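Asks: I need the structure of the sequence given here:
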Amino acid sequence: MPRVLIIDDQKGVRTMMAMVLRVNRFEVEEAESGAAGLKAFAESSFDAAIVDIFLGDASGVDVIASLRESAPALPVIAVSGMTALDFMDQSPLLANVVCLQKPFRPNDLLQALRKAQAAAGELPAVV
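Replies: A predicted model of the protein is given here:
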């Protein structure tokens, strides 16, 4: 079962994403901050990550860059409700990050995960 790490400081958004993924046979770990997400990533292995760009304690872009330093081919979805995410290709560590604008529907999340999988070519296709 593919494991997905969700890093988002909004509990309701995190819970919704986790529910959608669990129903679709993903194992999910939730982190409420950038620091908690990086700690979880260091302590366990994940097949993909979903990272909010605006976290209370950190920049989601910095969190994604840190994740990619450890796992360059990690499928990543960046989510944001406040800005266009067209700046994501400015660093090699942010290459192939799939961007998802809030609010989104459950199917949008699953499609973004499939795009991230295809971009990275690593996550088993379960969805």
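
Asks: now do the strands in the protein.
Replies: Using DSSP state E, the strands of the chain run over residues 3-7, 27-31, 48-52, 76-80, 98-101.

Asks: quickly note the distance from Ser80 to Ser70.
Replies: Using Cβ to Cβ, to the nearest Å, Ser80 is found at 22 Å from Ser70. Bear in mind the C-beta positions are built from the backbone N, C-alpha and C, glycine included.

Asks: more crowded one of the two?
Replies: More crowded of Ser80 and Ser70, by other Cβ atoms under 10 Å: Ser80, with 17 against 10.

Asks: okay, now the closest residue in space to that one that isn't next to it in sequence: neighbour count?
Replies: Nearest residue to Ser80 in three dimensions, chain neighbours excluded: Ile53, at 4.0 Å (Cβ to Cβ, 6 or more residues apart in numbering). By other Cβ under 10 Å, 21 other residues sit near Ile53.

Asks: for the protein, where's the lowest mean pLDDT among helices and strands?
Replies: strand 98-101 (a mean of 88; mean pLDDT, DSSP states H and E).

Asks: give me the buried positions along stretch 17-28.
Replies: Within stretch 17-28, the residues scored as buried using 16 or more other Cβ atoms under 10 Å are 17-18, 20-21, 26, 28.

Asks: meant to ask about stretch 36-53
Replies: In stretch 36-53, counting by 16+ other Cβ under 10 Å, buried: 36-38, 40-41, 46-53.

Asks: and Gly34, how far from Lys115?
Replies: Counting by Cβ to Cβ, the gap from Gly34 to Lys115 is 23 Å.

Asks: for these two, indicate the residue with more neighbours.
Replies: Gly34 (22 against 16).

Asks: on that earlier part again, of the buried residues of stretch 36-53, closest to Pro75?
Replies: Ranked by distance to Pro75 (Cβ to Cβ), the buried residues of stretch 36-53 are led by Ala48 at 4.2 Å.

Asks: the closest one: what's it in contact with?
Replies: Going by Cβ atoms under 8 Å, 6 or more residues apart in numbering, Ala48 touches 2-5, 74-77, 113, 116-117, 120, 123.
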